[in-house]
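S.K.: Provide a 3D model corresponding to the input given below.
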Amino acid sequence: MAKRGGFPGGMPGNMNNLMKQAQKMQKQMEEASKALEETEAEATAGGGAVTVKVSGKKEILSVKIQEEVVDPDDIEMLEDLIVAATNEALRKIDEISQASMAKVTGGLGGFGGFGF
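M.R.: The predicted structure is shown next:
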């Protein structure tokens, strides 16, 4: 007598293939994430007066300030330039990250219920 509603021998072929694809995608995402951590992005503000370099981990690696932009009477402008360059560098890292993950997922926004 056959059992109702069960799948003899475990998962059906399609589900098994889906799980293998999900595991492969997860591994590729981990590799892409690791590569991203080693990536750097650089941005400038004020026509190159301030340059900020950030890592894929979104950590600031360096800030370079041209001497001529350092004005003790206008600290606010220098602060604004640093913020602008930092935000642009972080935006570049986000773009690199999204492009990297899109290569792995084929542009999918998510992958079913697998938490990707």
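S.K.: center of this protein, which residue is that?
M.R.: Closest to where the C-alpha atoms of the chain average out (CA atoms, centre = their mean) is S97, at 2.7 Å.
S.K.: show me what contacts the nearest residue to that one once chain neighbours are set aside?
M.R.: Nearest residue to S97 in three dimensions, chain neighbours excluded: L36, at 5.5 Å (CB to CB, 6 or more residues apart in numbering). Where C-beta positions appear, they are placed from N, C-alpha and C, glycine not excepted. L36 sits next to G56, I93, I96, S97, S100 when contact means CB atoms under 8 Å, 6 or more residues apart in numbering.
S.K.: tell me the secondary structure at L36.
M.R.: The three-state label given to L36 by DSSP: H, G, I helix; E, B strand; the rest coil is helix.
S.K.: distance check, it against E67.
M.R.: 34 Å (CB to CB, to the nearest Å).
S.K.: and what of L61?
M.R.: Going from L61 to E67 by CB to CB gives 21 Å.
S.K.: about what we covered before: read off the pLDDT value for the residue nearest to the centre of the chain.
M.R.: If you check S97, the pLDDT there is 85.
S.K.: isn't it right next to G56, touching?
M.R.: Yes - counting by CB atoms under 8 Å, S97 touches G56, with 7.1 Å between them.
S.K.: which stretches of the protein form strands?
M.R.: In the chain, the strands defined using DSSP state E lie at 40-45, 50-55, 60-65.
S.K.: T86 reaches V52, doesn't it?
M.R.: Yes - with contact defined as CB under 8 Å, T86 reaches V52; the gap is 4.7 Å.
S.K.: who's more crowded, those two?
M.R.: When T86 and V52 are compared on other CB atoms under 10 Å, the one with more neighbours turns out to be V52, at 25 against 18.
S.K.: returning to that earlier point: report pLDDT for the residue nearest to S97.
M.R.: At L36, pLDDT is 79.
S.K.: distance of it from Q26?
M.R.: From L36 over to Q26 (counting by CB to CB), the distance is 15 Å.
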